[in-house]
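S.K.: what's the 3D shape of this:
(one chain, ligands or ions: 1)
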Amino acid sequence: MKYFAIGAVFTILVTGASAHSKIETTIPADGAVLASAPAEIDLTFGKDIRLTRVVLSHQDGAAVPLDLGSQTQFGRGFTVPLQSLGQGVYRIEWRGLGMDGHAMTGTFTFAVE
Ligand SMILES: [Cu+2]
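M.R.: Model (predicted):
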């Protein structure tokens, strides 16, 4: 009986993790080095999520929240416009909510030469 209980808990944890949506691709890609600044960033997820916050920070500056506009519904793909960026390394941190109610977060970086 004790072993059964441990097995049941393990199964629930594994199921919870796999129900999570993962980020599939970002544009720019993580680690990309770009000759010119991108006008927007694209985030694509494996399952529908609701994006709640995207923050941009430059190596020399403070973090700036980006405007998600009307993209407040569940979806797989999001496009967030950027102000014109100068040179340097930028870090994007995003937060979202999966359909299963789990909070999700991730980061990626890119550089503008
Ligand atoms: Cu989840």
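S.K.: going forward, measure contacts and count neighbours with C-alpha atoms only.
M.R.: Noted.
S.K.: give me the distance between Ser21 and Gly61.
M.R.: Going from Ser21 to Gly61 by Cα to Cα, to the nearest Å gives 31 Å.
S.K.: between those two, which one's more packed in?
M.R.: Ser21 (19 against 9; other Cα atoms under 10 Å).
S.K.: can you check the pLDDT for that one?
M.R.: Reading off the confidence values, Ser21 has pLDDT 73.
S.K.: what of the one 5 residues further on?
M.R.: According to the prediction, Thr26 has pLDDT 97.
S.K.: might you report the residue contacts of it?
M.R.: Counting by Cα atoms under 8 Å, 6 or more residues apart in numbering, Thr26 makes contact with Ile41, Asp42, Leu43, Thr44.
S.K.: in the sheet, which strands lie alongside the host helix or strand of it, parallel or antiparallel?
M.R.: Under the criterion of DSSP states H and E, Thr26 resides in strand 23-27. Sheet pairing of strand 23-27 (DSSP bridges) gives strand 40-58 (antiparallel).
S.K.: ok, the next helix or strand after the strand it pairs with: who's next to it in the sheet?
M.R.: Next helix or strand after strand 40-58 toward the C-terminus (DSSP H and E): strand 64-65. Sheet pairing for strand 64-65, assigned by DSSP bridges, gives strand 40-58 (antiparallel).
S.K.: may I have the partner strand exported as CSV, CA atoms only?
M.R.: The C-alpha trace of strand 40-58 is given here as CSV (Å, rounded to 0.1, in the frame of the first residue of the first chain):
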residue,chain,number,x,y,z
GLU,A,40,9.6,43.0,-33.1
ILE,A,41,10.0,39.7,-31.2
ASP,A,42,8.0,36.6,-31.9
LEU,A,43,7.2,33.9,-29.3
THR,A,44,5.7,30.6,-30.4
PHE,A,45,4.5,27.9,-27.9
GLY,A,46,3.7,24.3,-28.3
LYS,A,47,0.2,24.8,-26.7
ASP,A,48,-2.0,27.7,-26.0
ILE,A,49,-0.9,30.0,-23.2
ARG,A,50,-1.8,33.5,-22.0
LEU,A,51,1.1,35.8,-22.1
THR,A,52,1.1,38.1,-19.1
ARG,A,53,4.3,40.0,-19.2
VAL,A,54,7.4,40.5,-21.4
VAL,A,55,10.3,42.6,-20.2
LEU,A,56,13.3,43.7,-22.2
SER,A,57,16.6,44.7,-20.6
HIS,A,58,19.8,45.9,-22.1
